[in-house]
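what's the 3D shape of this:
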Amino acid sequence: MTQFPLHRPRRTRAHTWSRAMVRETRLDPSDLIWPLFVTSGKGVEEPIASLPGVSRWSLDGIVARAKEAISLGIPCIALFPNTPAEKRSDDGKEALNPDNLMCRAIDAVKQACGNDLGVLTDVALDPYTSHGQDGLLDDNGYVINDATVEVLTGQSLVQADAGADIVAPSDMMDGRIGAIRDTLEQADHHNVQIMAYAAKYASAFYGPFRDAVGSGGLLKGDKKSYQMDPANGDEAMREIALDIDEGADSVMVKPGLAYLDIIYRAHQAFDVPVYAYQVSGEYAMLEAASSVGAGDRDALLMEKLMAFKRAGCSGVLTYHAPVAARLLNG
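The predicted structure is shown next:
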C-alpha cells in the first residue's frame, strides 16, 4: 500500500462535494417502507404512548398517509390492523374475513392511489387472536404449525384478493411460504410478491408494536417456540434458504440494528433482496435518547439507516420513514 504522505485518505474528505463523489453507500426515499397502524372508525387518530409520534389511523387517515408517502417518494407502505376486541377469537377467524379491517384498508389505499404505491400486508394471526399468539394453540398452549399454515394461506388469499401487492408472513411457521405461494398461484395472483420474515427473532424490542396492534396485554406466554433464538446465526441462514426455495421474492431480518451481522451474511449468501425492520423498540429508544439530549434525532436516524444499507439491505421498514424521506429530499 502507498505510504504517507503520498497517500492521504483525508484528501477526499476535505469538501462536501468530494465526500459525495466517493460515497460508497447511498440512501434514498425509495429505500424506505412506512409501517402504518389501522383502526376502526372515521376521522380517528389514536396516538400510541409507547411510540411517540406514531398513531393508529382510521381508513381515511391511512389514505392520507398513503398519499403523503407518494409525495415523499416512499414507494410502499406496510399495514397492520388493530382488530377490535369483540372480533378476536382463539382461532383468529377474523383474519379470513374478506371485509376485515386490513382488507378494507388495502382496498381504500388501492382505490385512492392505484399502482402509484405498493401495499405490503402482515400475514400472522396475533392481531386476530384473543391469546396474542401468531397461530392456533393446542390444549397445552403450544402453537400448532400445520393447522396454522392453513389459516395463513387463507389470510394471504383474502389480502391478495383485496389488492395487496406484497404479502409478508411474519409468523415463522415452518412451510408457510411454499403453501402461500401455491395458493396465490392457483388463484392467479401470479404477481403478488412474498416478503418473508425469514429471520425473525424472539426479541425484547417488540413491546411498543404489540401495544399498537392491541396484542400486548393479551399475550399468554412467549413466542420462543417459533421465533428465533437471538444466539443463533447459522440457523438464520437455513431459515432464509428454506423461504427462498419455497418461493419468497425477498426476505426480512427482524429486528434490524441488533442483527446487522445476519443482514450482512444474508446479503452475501443469497441473490434476493434483503430488508430490515427497524422495529418499534428501536424507534422508541431513538426518540427517548433524543428527547433527553443524548443526541440529535435526525443525525442518529440517518446514521442507523445508513448502517442498514451498508450491511446490504435493499430497503428498511421504519416508522421514521416520512422523517427520513423529508431529510433526504432536502
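
in the helix or strand encompassing Asp211, what counts as buried?
Per DSSP states H and E, Asp211 falls inside helix 207-213. Buried positions in helix 207-213, judged by neighbour count with 16 or more other Cβ atoms under 10 Å: 207-213. For every residue, glycine as well, the C-beta is placed using N, CA and C.

Give me the residues contacting stretch 143-161.
Stretch 143-161 is contacted from outside by 91-92, 95-98, 100, 102-103, 106, 121, 123-125, 133-138, 167, 169, 171, 173-176, 179-180, 182-184, 187, 189, 192, 223, 225-226, using Cβ atoms under 8 Å, 6 or more residues apart in numbering.

Buried ones only from those, please, as a ChimeraX command.
Typed into ChimeraX, the line below selects the buried ones among the contacts of stretch 143-161, using 16+ other Cβ under 10 Å:
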select :91,92,95,96,97,100,102,103,106,121,123,124,125,133,134,135,136,137,167,169,171,173,176,179,180,183,184,189,192,223,226
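
Which members of the contacts of stretch 143-161 occur in strands, if any?
121, 123, 167, 169 (DSSP state E).

so where's this protein uncertain?
1 (pLDDT under 70).

the longest helix in it is where?
Criterion DSSP state H: the longest helix present in the chain is helix 145-162.

So which bits of it are buried?
Of all the residues in helix 145-162, those buried under the rule 16+ other Cβ under 10 Å are 145, 148-149, 151-153, 155-160, 162.

which pair in those spans the largest distance?
Using Cβ to Cβ, the pair of these lying farthest apart is Asn145 and Ala162, separated by 26.0 Å.

Report the backbone C-alpha coordinates of the longest helix of the chain in PDB.
Provided in PDB are the C-alpha atoms of helix 145-162 (Å, rounded to 0.1, in the frame of the first residue of the first chain):
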ATOM      1  CA  ASN A 145     -47.700 -25.400  12.900                       C
ATOM      2  CA  ASP A 146     -49.500 -27.100  10.100                       C
ATOM      3  CA  ALA A 147     -53.000 -26.100  11.100                       C
ATOM      4  CA  THR A 148     -51.800 -22.500  11.500                       C
ATOM      5  CA  VAL A 149     -50.300 -22.600   8.000                       C
ATOM      6  CA  GLU A 150     -53.700 -23.500   6.600                       C
ATOM      7  CA  VAL A 151     -55.200 -20.400   8.100                       C
ATOM      8  CA  LEU A 152     -52.300 -18.200   7.000                       C
ATOM      9  CA  THR A 153     -52.800 -19.300   3.400                       C
ATOM     10  CA  GLY A 154     -56.400 -18.300   3.600                       C
ATOM     11  CA  GLN A 155     -55.400 -15.000   5.200                       C
ATOM     12  CA  SER A 156     -52.900 -14.300   2.400                       C
ATOM     13  CA  LEU A 157     -55.600 -15.000  -0.200                       C
ATOM     14  CA  VAL A 158     -58.100 -12.600   1.100                       C
ATOM     15  CA  GLN A 159     -55.400  -9.900   1.300                       C
ATOM     16  CA  ALA A 160     -54.400 -10.600  -2.300                       C
ATOM     17  CA  ASP A 161     -58.000 -10.500  -3.400                       C
ATOM     18  CA  ALA A 162     -58.300  -7.100  -1.700                       C
END
